[in-house]
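Novice: sequence? don't have it. structure:
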């Protein structure tokens, strides 16, 4: 993975914050499902839940920003 510059990191932060509806600084499963439904509209709820579990590296029950950055950079960023 390449190092992100400040502009790209700020873009990812905006995306994260948009879906962090309760402003907790983390995405819960419901918030992630909303994001996933936009990114993969033909996906099933089970696929979103499996993605959530894979991204939640520390199994905390929520996705922290650093976990989200790694996933976003690996799957959705175009360089």
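Specialist: Cool, the structure landed. As the structure is a prediction and not an experimental result, all values here were calculated from the model. Residues are numbered from 1 along each chain as shown.
Novice: pLDDT on stretch 23-36, on average?
Specialist: Taken as a whole, stretch 23-36 has a mean pLDDT of 97.
Novice: List the buried residues of it.
Specialist: Residues 26-29, 31-33, 35-36 are the ones in stretch 23-36 that count as buried (16 or more other CB atoms under 10 Å). C-betas here are computed from N, CA, C, even on glycine.
Novice: distance between that stretch and the chain's centre?
Specialist: Distance of stretch 23-36 from the chain centroid (CA atoms, centre = their mean, to the nearest Å) equals 8 Å.
Novice: what does that stretch rub up against?
Specialist: Residues outside stretch 23-36 that contact it (CB atoms under 8 Å, 6 or more residues apart in numbering) are 15-16, 19-22, 43, 45, 47-49, 51-52, 55, 60-65, 68.
Novice: okay, now residue 12: neighbour count?
Specialist: Residues within reach of residue 12, counting by other CB atoms under 10 Å, total 18.
Novice: ugh, wrong one, residue 19
Specialist: Applying other CB under 10 Å, I find that residue 19 has 18 neighbouring residues.
Novice: related to what we said a few turns ago, which one of the buried residues of stretch 23-36 is nearest residue 8?
Specialist: Of all these, residue 35 has the smallest distance to residue 8: 17.8 Å, by CB to CB.
Novice: Which of the helices or strands spans the closest one?
Specialist: If you go by DSSP states H and E, residue 35 is part of helix 29-39.
Novice: just the helices in the chain please.
Specialist: 6-19, 29-39, 45-55, 65-75 (DSSP state H).
Novice: Could you check how far the residue nearest the centre of the chain is from residue 12?
Specialist: Against the mean C-alpha coordinate of the chain, by CA atoms, centre = their mean, the closest residue is residue 68 at 4.1 Å. As defined by CB to CB, to the nearest Å, residue 68 lies at a distance of 7 Å from residue 12.
Novice: cool, and residue 6?
Specialist: Residue 6 is 11 Å from residue 12, by CB to CB.
Novice: Below-threshold pLDDT in the protein: ranges please.
Specialist: 1-2, 76-79 (pLDDT under 70).
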